[in-house]
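Student: Test case, fold it:
(3 chains)
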Amino acid sequence: MASIEQRKWEVREGEPGPGPVVYWMQREQRAADNFGLLYAQSRARELKRPLGAIFCLVDSFLGAGMRQFAFMLRGLEETEEKLRRKNIPFFLLRGDPGKEIPRFVKKCQAALLVGDFNPLRLPLTWQKKVARAVTVPFDEIDSHNIVPCRIASDKQEYAAYTFRPKIHKLLPDFLKKPPTLKKHPINWPGSTDIPVYGPSSRPSPHRQECLCYTADGSTDIPVCGPSSRPSPHRQECLCYTAEGSTDIPVCGPSSRPSPHRQECLCYTAEGSTDIPVCVSVDWEKALASLKVDSSIGEVDWIKPGEKAARARLKKFIKEKLARYPEDRNDPNLDGQSGLSPYLHFGQLSPLRAALEVRNSSAPKEAKEAFLEELIVRRELSDNFCFYQPKYDRVEGFPEWAKKNAAGHRSDRREYIYTPKQLEAAGTHDDLWNAAQTELVVRGTIPGYLRMYWGKKILEWSESAEQALATAIDLNDRYQLDGRDSNGYAGVAWAVGGVHDRPWPSRPVFGKVRYMNYNGCRRKFNVKAFIFRAMKK
DNA sequence: ATCGGCTCGCGCAA
DNA sequence: TGCGCGAAGCCGAT
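Tutor: Down below sits the predicted model:
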């Protein structure tokens, strides 16, 4: 019953161009189980057109630093390779997506544009800008939610209990194995006047701009690729061995033109000194060129990419799923899946995860507990951000909580810490400091403790507004999967009672649910957690 | 250890 | 209009 069509939302109508179908990859950074890509491919096959994927790398994104950008780019590098094997070239664009995506679409005279769904404000403004600038049909496919956000509900849900029945009703339609991506039958062409090239068996009219070299001393192997030494064209010349060849592409410095020039399929950037838009991306160069906060470094407990994501999913199902309902709330037991960075960057399909969990041999209650988190609560976050544009402001809180925040503005605070003190884990509370240290060092806080972390920021800030801003800032900068609707919904829950209910009133919190140190002591070995966190 | 009360409002049954 | 119940709790009584 459910087809890819059901995940589609028409961003704009338009007149199809004569060129290829273009898939604009945004949140769904994977080749497998990607409905946007699958939809783009089915349209391309239907129209007998080539298919290409583009990703626009921005210079800054909601406080993300090297930790997050590196995880993303290393994942994209793997995805580029997977797509290449499917005869789908991958282009890394740089700059403002609102400008670069339309420019690319025009350049290759795209038939149509297919993009991802992302409920956050900035990506939505990009989508609007692109929709205004292109003339071709532009469709959005929600491949981040098992039940597409726009279909699950047409309004902001009040709580999980109002959302759950809607999801469960639609789940049988959407919890189905996705089709597999096929090797694309039509090659990417050289476009008509602006020199953009890709793997192709057809000669390009702009071959003369494509410079390919053989290695020094090498006799006949075509040597292509990014060079470390600058040359007029070299850095723009990124090559492949011939399609179908089993030769490994070899790169090396040389000044001699290659006799295998016909195997070198390149482009030059549009007469500018911009970093070239390449079929084969120089990922290290892209990473090095980023001007983002590099003081927040990469983490070593999780490897980026589709392959690592699938491996972690398998390992979780095999080793942890059965104990998930009990172990997930004990920060000492590492009982959670650790999949959320993969889900955040789209390196893992939530549908894939749900199907593998459902088909596993774990106890029914364990599967249900995990699927509740993966589907109902995760997708409720997208619902919150999409239908509540002020998802990161007190104005986005429910009515009772907004009044609440106003009414307790002048309550005396026993402790007040500045954002800097909080960031430095310099509070009187050793458990909170340990949680903050985990965030800084590992880029994540165990689930239960994350709630405590947020609640205390509310308690120790001078206002709810300040608490919300601090929690979001710390989450966006340090959390590996920060800047995610789950993060905004989670913080709004802790600070603003979003998706929660009112509780007995008390100072500072008012009717927002309170949590304390004793509650943690009842649930897990606090000292053991602090010891482990501080040792690392 | 377990339980009820706290407190608001959504959505469904009637 | 009435009524049950909810994103993971706290607290005091038993």
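
Student: CA only for contacts and neighbour counts going forward, please
Tutor: OK.

Student: hang on, isn't A:Arg85 packed against A:Lys182?
Tutor: No - using CA atoms under 8 Å, A:Arg85 is not in contact with A:Lys182, being 9.7 Å away.

Student: mind listing what's buried in the helix or strand where A:Pro172 lies?
Tutor: Using DSSP states H and E, A:Pro172 sits in helix A:160-174. Residues A:160, A:163-164, A:167, A:170-171, A:174 are the ones in helix A:160-174 that count as buried (16 or more other CA atoms under 10 Å).

Student: next one: stretch A:427-442
Tutor: A:427, A:430-442.

Student: ok, so of those residues, who is nearest DNA strand B?
Tutor: A:Leu431 (22.1 Å; CA to the nearest atom of the strand).

Student: which element follows the lowest-mean-pLDDT helix or strand in chain A toward the C-terminus?
Tutor: One helix or strand of chain A scores below all others by mean pLDDT, DSSP states H and E: strand A:222-223, with a mean of 32. Remark: after strand A:222-223, the chain's next helix or strand is helix A:283-289, criterion DSSP H and E.

Student: helices or strands up against that next one?
Tutor: Contact here means 3 or more CA pairs under 8 Å, 6 or more residues apart in numbering; DSSP states H and E; on that basis helix A:283-289 packs against helix A:66-85.

Student: Check which element follows the helix it packs on along the chain.
Tutor: Per DSSP H and E, helix A:66-85 leads on to strand A:90-94 as the next helix or strand towards the C-terminus.

Student: from the chain's centre, how far out does that next one sit?
Tutor: Chain-centre distance of strand A:90-94: 16 Å, with CA atoms, centre = their mean, to the nearest Å.

Student: DNA strand C contacts on the stretch 401-536 of chain A?
Tutor: Applying CA under 7 Å from any atom of the strand, one finds that the stretch 401-536 of chain A approaches DNA strand C through A:447-448, A:486, A:489-490, A:493, A:498-501, A:503-504, A:513-520.

Student: Run through chain A and note the low-pLDDT ranges.
Tutor: Chain A contains residues with pLDDT under 70 at A:1-2, A:190-279, A:536.

Student: Show me where it has its strands.
Tutor: A:8-12, A:21-24, A:51-57, A:90-94, A:112-116, A:138-141, A:213-214, A:222-223 (DSSP state E).

Student: A:Ala64 and A:Arg477 touch, don't they?
Tutor: Yes - if you go by CA under 8 Å, A:Ala64 and A:Arg477 touch, sitting 5.4 Å apart.

Student: so who does the closest residue in space to A:Lys455 that isn't next to it in sequence touch?
Tutor: Here the nearest residue to A:Lys455 in space, its sequence neighbours aside, is A:Ala494; by CA to CA, 6 or more residues apart in numbering that works out to 5.4 Å. The neighbourhood of A:Ala494, defined by CA atoms under 8 Å, 6 or more residues apart in numbering, consists of A:451, A:454-455, A:458, A:512-513.

Student: Show me which of the buried residues of stretch A:427-442 is closest to A:Leu124.
Tutor: Within the buried residues of stretch A:427-442, the smallest distance to A:Leu124 is 28.1 Å, found for A:Leu439 (CA to CA).

Student: need the contact list for the spatially most central residue of chain A.
Tutor: The centre of chain A sits closest to A:Phe345, judged by CA atoms, centre = their mean, with a distance of 2.3 Å. Going by CA under 8 Å, 6+ apart, A:Phe345 touches A:27-29, A:72, A:481.

Student: Tabulate these in JSON lines, adding columns for neighbour count and distance to A:Asp96.
Tutor: Converted to JSON lines, those look like this (neighbours: other CA atoms under 10 Å; distance: CA to CA, whole Å):
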{"residue": "A:Arg27", "neighbour count": "20", "distance to A:Asp96": "16"}
{"residue": "A:Glu28", "neighbour count": "29", "distance to A:Asp96": "19"}
{"residue": "A:Gln29", "neighbour count": "28", "distance to A:Asp96": "18"}
{"residue": "A:Met72", "neighbour count": "22", "distance to A:Asp96": "18"}
{"residue": "A:Asp481", "neighbour count": "25", "distance to A:Asp96": "22"}
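
Student: Tell me the one of those nearest A:Arg7?
Tutor: Using CA to CA, the contacts of A:Phe345 come closest to A:Arg7 at A:Glu28, 13.7 Å.

Student: How much space separates the closest one from DNA strand C?
Tutor: Between A:Glu28 and DNA strand C the computed distance is 21 Å (CA to the nearest atom of the strand, to the nearest Å).

Student: Can you report how many residues neighbour the closest residue to that residue other than its chain neighbours?
Tutor: Spatially, and ignoring its direct neighbours in sequence, A:Glu28 is nearest to A:Gly346 (4.1 Å; CA to CA, 6+ apart). By other CA atoms under 10 Å, the residues close to A:Gly346 number 26.

Student: so A:Thr340 sits right up against A:Gln479, yeah?
Tutor: Just so we're on the same page, residue A:340 is Ser rather than Thr. No - counting by CA under 8 Å, A:Ser340 stays clear of A:Gln479, with 10.7 Å between them.

Student: So those two - more neighbours on which side?
Tutor: Under the criterion of other CA under 10 Å, the comparison of A:Ser340 against A:Gln479 puts A:Gln479 first, with 27 against 21.

Student: The more buried one contacts A:Glu438, correct?
Tutor: No - using CA under 8 Å, A:Gln479 is not in contact with A:Glu438; the gap is 9.6 Å.

Student: Tell me the residues that contact both of the two, please.
Tutor: Joint contacts of A:Gln479 and A:Glu438 (CA under 8 Å, 6+ apart) are A:Thr444.

Student: Can you tell me which residues in chain A are near DNA strand C?
Tutor: A:159-162, A:328-329, A:373, A:377-378, A:380-381, A:447-448, A:486, A:489-490, A:493, A:498-501, A:503-504, A:513-520.

Student: For PyMOL, write the select line for the buried members of the residues you listed.
Tutor: For the buried members of the residues of chain A next to DNA strand C, the matching PyMOL selection, counting by 16+ other CA under 10 Å, is:
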select buried, chain A and resi 160+328+329+377+378+380+381+447+486+489+490+493+498+499+500+513+514+515+520
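
Student: All set now, cheers.
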